[in-house]
Each structure stands twice: as C-alpha cells, then as structure tokens.
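Trainee: Below is the sequence, then the predicted model.
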Amino acid sequence: MQLNPEISFRSIDPTPAIETKVRERAARLDHVHSRILYCGVMIESQHRHHHKGRLYHVRIDVRVPGDQLAVSRDPEQDHAHEDAYVAIRDAFDAMERRLESYAHRRRGAVKAHESSTRAGRIEELVFDHGRIETDEGRSIYFHRNSVLDDAFERLEAGSPVRYVESSGDEGPQASVVIPLNQANRGQAEIQ
C-alpha cells in the first residue's frame, strides 16, 4: 500500500523539500509494517529564545490494527534539531523501531513462557472478538488483534487454543491467543 502521510506545520512555512523528505521516510515505514492505517506528521518550529538557531519538534502518529503508536522528539533534548531534516530523521528512526517492536509482538516473537499460557477452546466468535472457554469452565474475552499471525478468520467454535490471560477493563481477557495448530508448530516461540 502506498502510505500517504497527513503532514501539518506549526510556526513554520511548509516547503516542498520538507514534504518530500517526510513522504520518503513514510514510504520506508510502509516497508517496516505493511498494514499502517494512518500516518500523521506534525513539524513545529519552537520560538523560544535560544543562543543558537530555531529548534524543530517532530511528532509522528501511526495507527495500525489494534494499536496507535506515537513518537515525539523534543528539541530541547538535542540541539542537532536546529536542522529540520535531522529532527525528521530522528523521529522516523524512532518510529521504525517502534513499528518493528509492534510487528514482533504481533508475530509472537516476544516469548510467552509455557507456564504462562493456558489451554482452552473457542466458545464464541463475533465480528471482531470472541470468548474462550477455559479448562476451568470460565469464559474469557479476546479481541481479534490478540490472535497471533492474524489467524482470527481461521478460528471457529470449538477450536483448541492456548492463551495468555491478563486483566482488562471489563475483567479477565486473553491478551495473546495462539490457535493450537500454530502453538504446536511454533513451540519454540512460546517456551
């Protein structure tokens, strides 16, 4: 997908060169994670009285399935941000790292130890969420974004799963759901 970032400027006149640099870096984000739903970039020039030039603040907001990621580079922490292109580079580098971390969590590359996973069966599936019947007979909520490898569509009532239970706003929920056939295939990932 061709990512088209929404670019806004505060206290700085937009320039084609800055917009081009932002679009180039946004295209690189699309290569890090191909399911970016939205990308907003705000570039601001700080008008505080400094001994040197103006400092630039860059904020990037990205929406991906099930999460929102934000990066904000504070110019007071780095005088290299007297150059707008350096501030843009640093903010996009940080967002690339954040997207890579998000992608690793979604793929299940973050280890969930065997002792922390529990067995259950899919009890019910609705549009974007479902419920797991635990071995103890409890019913645990889960959202489609909790299912590893985007396997929500392949689940059906009665499917065996392993899950990691956490506490949510409405009570217990499954923060990670691993369909049993994937849990057996990717056993190294969950041990």
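Mentor: Received the coordinates, thanks.
Trainee: Just read off the phi/psi values of the residue nearest the centre of the chain.
Mentor: In the chain, the centroid-proximal residue (C-alpha atoms, centre = their mean) is residue 102; its distance is 4.3 Å. The phi/psi pair for residue 102 (degrees, to the nearest 10) reads phi -60, psi -40.
Trainee: where exactly do the helices run in the chain?
Mentor: 16-32, 84-107, 180-185, 187-190 (DSSP state H).
Trainee: quick one, what contacts the residue nearest to the centre of the chain?
Mentor: Counting by C-beta atoms under 8 Å, 6 or more residues apart in numbering, residue 102 touches 33, 64, 67, 69. Glycine gets a C-beta too; all of them are placed from N, C-alpha and C.
Trainee: likewise residue 141?
Mentor: 129-131, 168, 170-174.
Trainee: try 10 Å this time
Mentor: The contact partners of residue 141, taken as C-beta atoms under 10 Å, 6 or more residues apart in numbering, are 124, 129-132, 168, 170-174.
Trainee: now do residue 124
Mentor: Contacts of residue 124 (C-beta under 10 Å, 6+ apart): 130-133, 139, 141, 157.
Trainee: give me the beta-bridge partners of it?
Mentor: residue 131 (DSSP bridges).
Trainee: Need the per-residue pLDDT for it.
Mentor: Residue 124 carries a pLDDT value of 92.
Trainee: bridging residues for residue 41?
Mentor: residue 7, residue 60.
Trainee: burial of it, as a residue count?
Mentor: Other residues within reach of residue 41, judged by other C-beta atoms under 10 Å, total 25.
Trainee: And for residue 178?
Mentor: Neighbour tally, residue 178, other C-beta under 10 Å: 25.
Trainee: Break this protein down into its structural domains.
Mentor: Listed by automatic domain parsing, the domain ranges of the chain are 6-107, 114-190.
Trainee: just for this structure, where's the confidence low?
Mentor: 1, 47-53, 73-81, 108-115, 182-191 (pLDDT under 70).
Trainee: Many thanks, I have nothing further to ask.
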